[in-house]
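[1] have a look; sequence and predicted model below, questions after that.
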Amino acid sequence: MTPTATRTLWLAAALIACGGPPPPRAAPPGPAACARAADNLVLVLLARLPASDASPTEAADGLRNLIRERCEADGWSAEATRCLIAMKQQADAEPCAALMTPAQQAALVHDQQARGAAPPP
């Protein structure tokens, strides 16, 4: 057997013994960034309601889904989604909106108006 063939056999044996390449990394557990951003934005909006008002569950779910869908479809940046996830109050929304492109903002507003949902702050 030639030295090259011997090396090839040893390399093949080593790969087989090691189990081959590692499996692809699994997605991190929990919701994706767009879902977390949508959840937090809706929570901030709901926190503004008077305590005596009943929580508008159906409307909140619709707005949450709309925000998540626009985020995913329009490819909002990681920086924008992190900003929305970190929001604590309505005033925090303006800097987050500045991290979105004008087209992303327009698509969100358009879909909100088309569905009759109130725009986020």
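    Received, thanks. Please read these numbers as outputs of a predicted model, since none were measured by experiment. Residues are numbered from 1 along each chain as shown.

[2] can we go C-alpha only for contacts and neighbour counts from here?
    Noted.

[3] just the buried residues of the helix or strand hosting residue 39, please?
    Per DSSP states H and E, residue 39 falls inside helix 33-47. For helix 33-47, burial by neighbour count (16 or more other CA atoms under 10 Å) applies to 33-44.

[4] how about stretch 83-103?
    Buried, per 16+ other CA under 10 Å, within stretch 83-103: 83-88, 92-93, 96-97, 99-100.

[5] mind checking how far the nearest residue to residue 80 once chain neighbours are set aside is from residue 116?
    In this structure, residue 80 finds its nearest non-sequential neighbour in residue 99, 5.2 Å apart by CA to CA, 6 or more residues apart in numbering. As judged by CA to CA, to the nearest Å, residue 99 and residue 116 stand 25 Å apart.

[6] and for residue 104?
    18 Å.

[7] so between the two, which is more surrounded?
    residue 104 (18 against 11; other CA atoms under 10 Å).

[8] neighbours around the closest residue to the more buried one other than its chain neighbours, how many?
    The spatially closest residue to residue 104, leaving aside those adjacent along the chain, is residue 74, at 6.2 Å (CA to CA, 6+ apart). Counted by other CA under 10 Å, the residues lying close to residue 74 total 16.

[9] can you show me the helices along the chain?
    3-18, 33-47, 57-74, 78-86, 93-97, 102-115 (DSSP state H).

[10] what stretches of this protein score poorly on pLDDT?
    Along the chain, the parts satisfying pLDDT under 70 run over 1-30, 52-55, 117-121.
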